[in-house]
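J.: Any chance you can model this:
(one chain, ligands or ions: 1)
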Amino acid sequence: MCGIVGYVGTREASELLLEALEKLEYRGYDSAGIALICDAGIVIHKTRGRIADLRRIFDEATDDDGCTVGIGHTRWATHGEPSDVNSHPHLSKSKRVAVVHNGIIENYIELRRHLEQHGYTFSTETDSEVVSELIDYCYSGDPVAAVRKAEQQLKGSYALGILFSDFPDQIIALRKDSPLIIGLGEGENFIASDIPAILKHTRNVFRLGERELAVLTAQRVRVLDIFGNRVDHPVDHIDWDAAAAEKGGYPHFMIKEIFEQPEAIRKTLAPRIREDLSIDLGFKRLTDEDLKGIESIKITACGSAYHVGVVAKHFLQKNLRLPVEAVLASEFRYEDPIVDEKTLVIIVSQSGETLDTLYALREAKARGARTVSIVNVLASSIANESEEVLYTWAGPEIAVATTKAYSTQLALIQLFGLHMARIRGNLSEEEVKSQITALQKVPEGVEKLLEDVKSVQYIASLYFNCQDVFFIGRNMDYALSLEASLKLKEISYIHSEAYAAGELKHGTISLIEDGTLVIALCTYRPLLEKMISNIKEVSARGAKVLAVINESDVQTGTVADHIIRIPECADIALPLLTIVPLQLFAYYIASLKGCDIDKPRNLAKSVTVE
Ligand code: M6R
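T.: Numbering: from 1, shown residues only. So this is what the prediction gives:
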């Protein structure tokens, strides 16, 4: 949700910033801009559109060669439409202060009024413009003092990169509730919303803490806390293969990431399963005794991560015989949740920065709940703030539509469930071992599904022009339908809805007409006959039915128009396999429609606003 970057060093800042913004474009891509400190002062280039558009206007306009300090921004609009004027960076009217901002300034109207009373004027509809003017208002020669004074008046979330024309050799960075990393180079330093932006230049990074301020020059980075005390952060060395953040010959990141799933699941599970099939989660605070004492579980997350929670609810409830609830993080925080020290709250997030999810975690902790997060991004806010963290080792996920993060989250939460079931004595040792073995076989099953994508491509070619798609399923299959439906709609813009199969006839069936595509997930064996009845009901009203079935299922194929078979596997593996052809289906439909698959309209990868 907006990407910010900054460079201070001896190299040409403009090219470096533009390249870094390309790597952050997944965070938002409706407008972009850079600010450079040049001989003439702060120079801004910004435009509505993508980084490619920014490059074009920069190449046409620039005589800013030789500038070695700058900040950049790629925007996902919240306040004010995507337009040239609303794009960042924002330069104060005095031309002394330029700001890039990720987050939302919640009290911007009040601050704006206050500044207007002191003669300040505003030319954008954004909340962010108030930051550059407020810092300017607080400035009387000391940039750090000005930023600290301004910060005390800001409400909301912010990661900020700030330039002062009077201090042409430095960048100031500040953050609260929005991510920001500092990259340390040789004679140069960086700020960025995420690691891929600067991976080409440095692998030595640390995350700026909550409400910390950093002053970066080419030679040095100084970090201060809210009280002005010096803070030292240990530096992480990022050992990602830089190629992991490249397309590697695939036309889109999404398809590359779909194909990376077997390896990602292997990497996530293997380090936690010992040879004797015992499980080592590496917990330091939550003891086995604590887990035995848990009386209920809540899983909270957003989007696809929430869908992981809905699948996991079924799995955990069945295996632990505890009340388990999946709750949208944006609702959890405000519903006065009933949680206490006997409640385990599981927080699921690829980015570890989703603001609603972060706030849900804080709410849970404030009420005394025990917390475990399942996160992909190392040392992200959610990882740092939860009591225990289980990392999914999926590698960088760049496509906005999640695939490998979803499947690794699911595999990991299932492994965690087996660990709890073993400790609490819900399952026999033999049963736990057989389920762990089944989980270990998932990567092979996914590989098998990915060997033959032709049948999915063919079905996609029949339906890519359709207007509406309904997904139906029961129990675990319904939970999976939610994700399959989201995948399709977010990248192909086809209207789709997921329904518990028994629920469709309570209203929505009125939308089924001749040729409507209904995708029926029929892998949950105990309710197969009921699903067949539901297929008959929609077929009788003219629907075309694509059924996703188990390999051994000989009945459903006779009532559906098309089938996709899932290789024979244990129940625990079913959701992890079943989602794969549905991810592919969404991908091929979107590809046939010519959609911008990795960057669907209106979306951003990391949602750091409420
Ligand atoms: O980074 P998170 O896992 O917390 O993100 C949560 C959702 O924003 C994310 O899953 C979103 O729904 C994806 N676009 C789905 O493909």
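J.: so what's residue 26 scoring on pLDDT?
T.: As summarised for this prediction, residue 26 has a pLDDT of 79.
J.: Is it correct that it is in contact with residue 597?
T.: No: Residue 26 lies out of contact with residue 597 (CB atoms under 8 Å); the separation is 11.8 Å. Yep, even glycine has a C-beta here, placed from its N, CA and C like the rest.
J.: any residues in contact with both of these two?
T.: residue 399 (CB atoms under 8 Å, 6 or more residues apart in numbering).
J.: Okay, and the residue found closest to residue 508 once you drop the neighbours it is linked to in the chain sits in which element?
T.: Distances taken as CB to CB, 6 or more residues apart in numbering place residue 499 nearest to residue 508, at 6.0 Å, with adjacent residues excluded. Per DSSP states H and E: residue 499 is located in strand 495-500.
J.: which parts of that strand are buried?
T.: 496, 497, 498, 499, 500 (16 or more other CB atoms under 10 Å).
J.: mind listing the helices for the stretch 1-150 of the chain?
T.: Assigned by DSSP state H, counting those that start in this stretch, the helices in the stretch 1-150 of the chain fall at 13-24, 51-61, 108-117, 129-138, 143-151.
J.: Nearest residue to the single nearest residue of the chain relative to the ligand in space, ignoring adjacent ones along the chain?
T.: Residue nearest to the ligand within the chain: residue 303 (1.9 Å; CB to the nearest ligand atom). Nearest in space to residue 303, with sequence neighbours left out and distances taken as CB to CB, 6+ apart, is residue 486 at 6.9 Å.
J.: So what's the predicted local confidence for the one you found?
T.: 98.
J.: for the ligand, what are the nearby residues on the stretch 401-550 of the chain?
T.: By the rule CB under 6 Å from any ligand atom, the part of the stretch 401-550 of the chain lying against the ligand is 401, 402, 486, 490.
J.: can you list those residues in TSV and add secondary structure and neighbour count?
T.: Shown next, in TSV, are those (DSSP: H, G, I helix; E, B strand; the rest coil; neighbours: other CB atoms under 10 Å):
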residue	secondary structure	neighbour count
401	coil	29
402	coil	28
486	helix	21
490	helix	22
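J.: Identify, from those residues, the entry nearest to residue 508.
T.: Taking CB to CB as the measure, residue 508 lies nearest residue 486 of these, at 17.0 Å.
J.: wait, doesn't the closest one sit right on residue 306?
T.: No: using CB under 8 Å, residue 486 is not in contact with residue 306, being 9.6 Å away.
J.: Quickly note the distance from residue 271 to residue 279.
T.: 11 Å (CB to CB, to the nearest Å).
J.: got it, and residue 593?
T.: 43 Å.
J.: Residue 375 now?
T.: 19 Å.
J.: higher neighbour count, those two?
T.: Per other CB atoms under 10 Å, whichever of residue 375 and residue 279 has more neighbours is residue 375, with 28 against 17.
J.: hey, what's the more buried one bridged with?
T.: residue 349, residue 391 (DSSP bridges).
J.: Repeat that for residue 41.
T.: Bridge pairing for residue 41 - DSSP bridges - gives residue 38.
J.: Hmm, residue 163 and it touching each other?
T.: No: using CB under 8 Å as the test, residue 41 is too far from residue 163 to be in contact (9.9 Å).
J.: Compare these two (neighbour count), which wins?
T.: residue 163 (30 against 15).
J.: my read is that one is in a strand, agree?
T.: Yes: per DSSP: H, G, I helix; E, B strand; the rest coil, residue 163 lies within a strand segment.
J.: ok, so what distance separates it from residue 36?
T.: For residue 163, the distance to residue 36 - CB to CB - is 9 Å.
J.: what touches both of these two?
T.: 42, 69, 70.
J.: Please enumerate the helices of the stretch 401-550 of the chain.
T.: Going by DSSP H, counting those that start in this stretch, the stretch 401-550 of the chain shows helices at 404-424, 429-440, 442-451, 454-463, 476-492, 528-539.
J.: The residue nearest to residue 508 pairs with what?
T.: According to DSSP bridges, beta-bridge pairing links residue 499 with residue 472.
J.: isn't it right up against residue 507?
T.: No: look at residue 499 against residue 507 with CB under 8 Å: they stay out of range, at 9.6 Å.
J.: Name the nearest residue to residue 485, sequence neighbours excluded.
T.: In space, residue 485 is closest to residue 498, 3.9 Å off (CB to CB, 6+ apart).
J.: now swap in residue 94 and tell me
T.: Nearest to residue 94 is residue 136, by CB to CB, 6+ apart, at 5.3 Å.
J.: Verify the stated contact: that neighbour with residue 92.
T.: Yes: with contacts counted by CB under 8 Å, residue 136 reaches residue 92, the gap being 3.8 Å.
J.: Low-confidence ranges, this protein, go.
T.: By pLDDT under 70, the weakly predicted segments of the chain are 1, 62-64, 241-244, 608-609.
J.: Repeat the analysis, applying 50 as the threshold.
T.: Scanning the chain for pLDDT under 50 picks out nothing.
J.: Show me what counts as buried in stretch 470-477.
T.: Under 16+ other CB under 10 Å, the buried positions of stretch 470-477 are 470, 471, 472, 473, 474, 475, 476, 477.
J.: Beta-bridge partners for the nearest residue to residue 234 once chain neighbours are set aside, please?
T.: In this structure, residue 234 finds its nearest non-sequential neighbour in residue 206, 6.8 Å apart by CB to CB, 6+ apart. With DSSP bridges as the criterion, residue 206 is bridged to residue 182.
J.: Please apply the same query to residue 296.
T.: Under DSSP bridges, the residues paired with residue 296 across the bridge are residue 343.
J.: Contact partners for it?
T.: With CB under 8 Å, 6+ apart, residue 296 has these contacts: 322, 323, 324, 325, 339, 342, 343, 344.
J.: Okay, the second one and residue 307: tell me how far apart.
T.: Going back to what we said before, that points to residue 323. 20 Å.
J.: And residue 219, how close does it get to residue 341?
T.: 48 Å.
J.: Same question for residue 248.
T.: 47 Å.
J.: How about the residues of this structure by the ligand?
T.: So the chain meets the ligand at 302-305, 349-351, 354, 357, 400-402, 486, 490, 606-607 (CB under 6 Å from any ligand atom).
J.: Nearest to residue 433 among the residues you listed?
T.: Nearest to residue 433 among the residues of the chain next to the ligand, with distances taken as CB to CB, is residue 305, at 28.6 Å.
J.: rewinding a little: kindly give a single PyMOL line that selects the buried subset of the contacts of residue 296.
T.: What follows is the PyMOL syntax selecting those of these that are buried according to 16+ other CB under 10 Å:
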select buried, resi 322+324+325+339+343+344
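J.: can I get the contacts of residue 296 in TSV with distance to residue 390?
T.: Putting the contacts of residue 296 into TSV (distance: CB to CB, whole Å) gives the following:
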residue	distance to residue 390
322	19
323	22
324	17
325	20
339	19
342	21
343	18
344	13
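J.: isn't the residue nearest to residue 485 right up against residue 484?
T.: Yes: contact criterion CB under 8 Å: residue 498 and residue 484 qualify, at 7.1 Å.
J.: Show me the domain layout of the protein.
T.: Structural domains annotated on the chain: 3-239, 245-440, 454-593, as defined by automatic domain parsing.
J.: buried ones in stretch 199-213?
T.: Those would be 199, 201, 202, 203, 205, 206, 207, 208, 209, 211, 212, 213, for stretch 199-213 by 16+ other CB under 10 Å.
J.: The strand holding residue 499 versus helix 528-539: what angle between them?
T.: Following axes from the mean of the first three to the mean of the last three CA atoms, to 10 degrees, one obtains 140 degrees for the angle between strand 495-500 and helix 528-539.
J.: Check which helices and strands strand 495-500 is in contact with.
T.: Where contact means 3 or more CB pairs under 8 Å, 6 or more residues apart in numbering; DSSP states H and E, strand 495-500 is packed against strand 468-473, helix 476-492.
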